[in-house]
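Trainee: with the input below, show me the fold.
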Amino acid sequence: MKGTKLFSILKGKCPVCHKGDLYTTKNPYALNTTLRMYERCPHCDTKFKIEPSFFYGSMYVSYAVGVALAIATFIIAFFVFDTGRLNTFLVIAGVQIVLLPIILRLSRNIWINLFFKYDKEKAI
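Mentor: Numbering: from 1, shown residues only. Purely as a prediction, here's the structure:
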């Protein structure tokens, strides 16, 4: 799977070499360091923030990921577990709150992978 954008997105690895980490801490639930990223890849020295305010675009991705997760949660809670409307809403809100750090990181990973591509030579 290495060499694909999906690998970089799911593992939080550099989109160019797939070896260096994007984030300074592996745990997304360390809330004070959830979005703290390296300025450059520790392995291939790729600069992650290619312009000021680069990751503001990831907010749009975050919205799409959040909506997709809410729809999936709704289908599971309402149709599979047959909860009422109020309980379904509460389940959706709870899932969104609990998974917020993962959604934030995932959206940044998707955003950065739109602008960089894997380079086999830098992966060595």
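Trainee: wait, Met59 touches Ser107, no?
Mentor: Yes: shown here, Met59 and Ser107 form a contact pair, counting by C-beta atoms under 8 Å, at 7.5 Å. The C-beta positions use only the backbone N, C-alpha and C, and glycine is treated the same way.
Trainee: more crowded one of these two?
Mentor: Using other C-beta atoms under 10 Å, the more surrounded residue of Met59 and Ser107 is Ser107, with 22 against 12.
Trainee: correct me if wrong: the more buried one contacts Ala68.
Mentor: No: the criterion here is C-beta under 8 Å, and Ser107 misses it with Ala68 at 11.1 Å.
Trainee: centre of the chain versus stretch 104-115, how much separation?
Mentor: 6 Å (C-alpha atoms, centre = their mean, to the nearest Å).
Trainee: which residues in the protein form strands?
Mentor: In the chain, no segments count as strands under DSSP state E.
Trainee: which helix runs longest in it?
Mentor: Across the chain, the longest stretch assigned as helix under DSSP state H is helix 58-74.
Trainee: report the outermost residue of this protein with respect to its centre.
Mentor: Farthest-out residue of the chain from its mean C-alpha position, per C-alpha atoms, centre = their mean: Gly84, at 30.6 Å.
Trainee: now Pro40: how far from Phe48?
Mentor: Let me fix one detail, which is that residue 40 is Arg and not Pro. Arg40 sits at a distance of 7 Å from Phe48 (criterion: C-beta to C-beta, to the nearest Å).
Trainee: of these two, who's got more company?
Mentor: In terms of neighbours (other C-beta under 10 Å), Phe48 is the more surrounded of Arg40 and Phe48; the figures are 20 against 14.
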